[in-house]
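> Here is my input; please provide its structure:
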Amino acid sequence: MSANKLRVTQLRSEIGRMDKQRRVLKGLGLRGPHSEVVVDNTPAFRGMVKKVIHLVEVEEINE
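Numbers count the residues shown, from 1 in each chain. Modelled structure (predicted):
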């Protein structure tokens, strides 16, 4: 059984962003520009990504 995952890559810095957006990036596990994490494709993670979509790039992968 394959589970869908999301590969989230931070493209832009958190400098000058609202504190809520900084906390979302930290919650996703992103640590700075060009850092990358793989998270489950759940409504919770999709909501987090939606809050910072202007700072990240998202790719759906199958594992």
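> CA only for contacts and neighbour counts going forward, please
Noted.
> residues contacting Gln34?
One thing to correct before we go on: residue 34 is His, not Gln. By CA atoms under 8 Å, 6 or more residues apart in numbering, the contact list for His34 reads 9-11.
> Do you have the strands of the protein handy? List them.
4-10, 36-40, 56-62 (DSSP state E).
> Tell me which residue is most central in this protein.
The residue lying closest to the centre of the chain (CA atoms, centre = their mean) is Val8, at 4.4 Å.
> shaky segments in this structure?
1-2 (pLDDT under 70).
> Identify the bridge partners of the residue nearest to the centre of the chain.
Taking DSSP bridges as the rule, Val8 bridges to Val37, Val58.
> Tell me if I'm right that it and His54 touch.
No - judged on CA atoms under 8 Å, Val8 makes no contact with His54 at a distance of 12.0 Å.
> so how many other residues sit close to Lys26?
Applying other CA atoms under 10 Å, we find 13 residues neighbouring Lys26.
> Kindly provide the distance from it to Ala3.
For Lys26, the distance to Ala3 (CA to CA, to the nearest Å) stands at 24 Å.
> Next: Phe45.
Taken as CA to CA, the span from Phe45 to Ala3 is 14 Å.
> Tell me which of these two has more neighbours.
Per other CA under 10 Å, whichever of Phe45 and Ala3 has more neighbours is Phe45, with 15 against 9.
> for the closest residue to the more buried one other than its chain neighbours, what are its contacts?
Using CA to CA, 6 or more residues apart in numbering and skipping residues adjacent in sequence, the residue nearest Phe45 is Val39, 7.3 Å away. Counting by CA under 8 Å, 6+ apart, Val39 makes contact with 5-8, 28, 45.
> what's the most distant pair in those residues?
With CA to CA as the measure, no two of these lie farther apart than Lys5 and Leu28, at 13.1 Å.
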